[in-house]
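Chemist: need a structure here:
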Amino acid sequence: MTQVNMLEAKTNLTKLIKLLETKQEDEIIIARDGMPVAKLELFVKPMISKRTGLFNGEYKPISLEEFNAMDKEIWGDLY
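Modeler: Residues are numbered from 1 along each chain as shown. As a prediction, the model looks like this:
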C-alpha cells in the first residue's frame, strides 16, 4: 500500500495506475494534508455466468395467447 498526496496523484496518475496493473501495488491511498481521502485500486470485472439450456427441450414454446389462457386454469373462479 502506497500513500500519495493530491498533487502527486494528479501529476503521476498514469504511473500510479501502471503500478496497479503490473501488480506492484494492490492499492494506493490518496491523501490531503496527510489525511487519507480516497483509495485507488485495480478494477476487477465481475464474472457473470449464464445458465442457458437448463430446461433445454423440456418445454415447448407457447404463444402469448396460450400463456394467457392458462390464467383461467390456474386461478379458476378467482380470476
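
Chemist: make it CA atoms for all contacts and neighbour counts henceforth
Modeler: Noted.

Chemist: So for this protein, the centremost residue is which one?
Modeler: Residue closest to the mean C-alpha point of the chain, counted by C-alpha atoms, centre = their mean, is residue 46 at 4.9 Å.

Chemist: Now do the same contact list for that residue.
Modeler: With contacts taken as C-alpha atoms under 8 Å, 6 or more residues apart in numbering, residue 46 has no neighbouring residues.

Chemist: Is residue 59 in a helix, a strand, or coil?
Modeler: coil (DSSP: H, G, I helix; E, B strand; the rest coil).

Chemist: cool, and residue 30?
Modeler: strand.

Chemist: do you know how far it is from residue 8?
Modeler: Distance, residue 30 to residue 8, using C-alpha to C-alpha, to the nearest Å: 9 Å.

Chemist: quick one, which of those two is more surrounded?
Modeler: The neighbour comparison of residue 30 against residue 8 (other C-alpha atoms under 10 Å) goes to residue 30, with 21 against 13.

Chemist: where along the chain do the strands fall?
Modeler: 2-5, 27-32, 35-41 (DSSP state E).

Chemist: Next, the buried residues of the first one.
Modeler: Same thing as strand 2-5. The neighbour-count check on strand 2-5 (16 or more other C-alpha atoms under 10 Å) flags 3, 4, 5 as buried.

Chemist: got the CA coordinates for that strand in CSV?
Modeler: Only the C-alpha atoms of strand 2-5 are listed here, as CSV (Å, rounded to 0.1, in the frame of the first residue of the first chain):
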residue,chain,number,x,y,z
THR,A,2,1.4,3.4,-1.1
GLN,A,3,0.1,6.7,0.1
VAL,A,4,0.5,9.8,-2.1
ASN,A,5,-0.7,13.4,-1.8
